[in-house]
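Asks: quick check, what structure comes out for this input:
(chains A and B)
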Amino acid sequence: NAGVTQTPKFQVLKTGQSMTLQCAQDMNHEYMSWYRQDPGMGLRLIHYSVGAGITDQGEVPNGYNVSRSTTEDFPLRLLSAAPSQTSVYFCASSPITGAGANVLTFGAGSRLTVL
Amino acid sequence: QQQVKQSPQSLIVQKGGISIINCAYENTAFDYFPWYQQFPGKGPALLIAIRPDVSEKKEGRFTISFNKSAKQFSLHIMDSQPGDSATYFCAATDSWGKLQFGAGTQVVVTP
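Replies: Numbering: from 1, shown residues only, chains lettered A, B, ... in the order given. As a prediction, this is how the structure comes out:
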C-alpha cells in the first residue's frame, strides 16, 4: 500500500500565483486533513473532511480552499499565494470508526516557498 | 492560541539517559492524547497514545504519564538511543477527531 501520497514535494511560487497541492490515500479512510508545519508552531489544521462532499475549516483556513469529490483525493488550493504561506504542508488521513480511529497517517510533506 | 502547550522546545540527552517532554491542555473535552514522532524530511508517525481513563501507558522504552486533574501529560523515553533523535509532538482531540498539536520538542541523543 502506498498510504498517503502528496505531490509535489517541493514548489516555489511567486506572490499572487495559484497552485494545488495534491493528496491521495489508498486506505479507504473517511477522514482527511491538511496541516501546515512552521518552526515553533507545531502542526496547525487548515481544513479537514469526514467524507466525500463534506469539508470544514480548521484552525488556519484563510487563503486555502479544499474539495472532496472522492474518498481517495483531498486537494488543497492556494488561490493567490502570499509569503506567509511559505511552509511545509502535510496531508493526513484516518478511519472515523474502529481501532484506527484518530490514528493519523501522514504523507511525506510538500515544502512550499512563496517569494 | 495553541490549545496544547508543549515543553521544552528542545533537549539534549546522553545515550542511555531519560528524555522527558511535558504537555498541558485546557479543553476538558479532550479524550485522546497521542504522541507523534517525526524524523527530518518525513511526516509525523504515531508513537504511543493514551485515553484519560488510565494514568500511565508503557510501550517498550516509551511511557506516557497522564494527570487528569492537572490537565497534564508527559512522554518519558527511557534508555534513550541515538535513533530516538527526532521531533516529538504531543496532541489532543475530542470526539470530533480534530487533533490539536503542541509546538514540538526536538530531541537529540548524543552517543
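Asks: roughly how far does A:M41 sit from B:T105?
Replies: 13 Å (CB to CB, to the nearest Å). Just so you know, the C-beta spots here come from the backbone N, C-alpha and C atoms, and that holds for glycine as well.
Asks: cool, and B:C90?
Replies: Separation of B:C90 from B:T105 (CB to CB): 8 Å.
Asks: who touches both of these two?
Replies: B:6, B:21 (CB atoms under 8 Å, 6 or more residues apart in numbering or on different chains).
Asks: which one's more surrounded, those two?
Replies: Neighbour count, other CB atoms under 10 Å in any protein chain shown: between B:C90 and B:T105, B:C90 has more, with 29 against 22.
Asks: give me the nearest residue to B:Q100, chain neighbours excluded.
Replies: Leaving aside its chain neighbours, B:Q100 sits nearest to B:Q3 (4.5 Å; criterion: CB to CB, 6 or more residues apart in numbering or on different chains).
Asks: how near is the one you found to A:M19?
Replies: Distance from B:Q3 to A:M19, by CB to CB: 30 Å.
Asks: returning to that earlier point: look up how far A:P83 lies from the residue nearest to B:Q100.
Replies: 27 Å.
Asks: following element in sequence after the helix or strand of chain B with the lowest mean pLDDT, please.
Replies: Ranked by mean pLDDT, DSSP states H and E, the helix or strand of chain B with the weakest confidence is strand B:100-101, at a mean of 92. Per DSSP states H and E, strand B:100-101 leads on to strand B:105-110 as the next helix or strand towards the C-terminus.
Asks: who touches that next one?
Replies: Counting by CB under 8 Å, 6+ apart, B:6-15, B:17, B:19, B:21, B:77, B:80-89 sit against strand B:105-110.
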